[in-house]
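>>> pasted the sequence and its predicted model underneath.
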Amino acid sequence: MPFARTIIPFGIPLIVIGGATILFFLNPSDYSFFPKCTFHNATGYSCPGCGSTRALFNLTHGNILEALRLNPGLIALLILAFTDYMRYLMAIKKSKMFHSLFGNMKLVFAIIGLMIVYGILRNLPWIPFINLVP
């Protein structure tokens, strides 16, 4: 466990900064090496994750509203993950046991349920829902 307590506080920010740097300079709409959604390619429907890479690209450029339009679920998950990371750092600082938010099964099932509902709603062909397509 001591190894994880030293690697995680430094490793996660390095990974996030590296990914954000790549996405800052490379627009996913312009480069074909970014992964395409297999579900969308196979069915023509948008999955709950469709638009995530473009949302992250817009987030790195400060376009928060566009990122929310492309994939609000991703932004909510990023906020939860950031909150969990900060809680982890506080637990290390206070030498206390850490319990992740994502270890709460009620929260996990609520997130999965919301993703399923969002995936269905964004594919409905009526006026308020067609705006959810990335």
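Thanks, I have the structure now.

>>> for the lengthiest helix in the chain, give the mean pLDDT please.
Counting by DSSP state H, the longest helix found in the chain is helix 2-25. Mean pLDDT, helix 2-25: 87.

>>> how far does that helix sit from its chain's centre?
Its chain's average C-alpha position is 15 Å from that of helix 2-25, according to Cα atoms, centre = their mean, to the nearest Å.

>>> how about that helix: buried residues?
For helix 2-25, the buried set under the neighbour-count rule, 16 or more other Cβ atoms under 10 Å, comprises residue 23. Every C-beta, even on glycine, is put in place using the N, C-alpha and C of the backbone.

>>> give me the contacts around that helix.
By Cβ atoms under 8 Å, 6 or more residues apart in numbering, the residues outside helix 2-25 that reach it are 53, 56, 57, 60, 61, 85, 88, 89, 92.

>>> now residue 51. Nearest residue, chain neighbours left out?
Leaving aside its chain neighbours, residue 51 sits nearest to residue 134 (2.8 Å; criterion: Cβ to Cβ, 6 or more residues apart in numbering).
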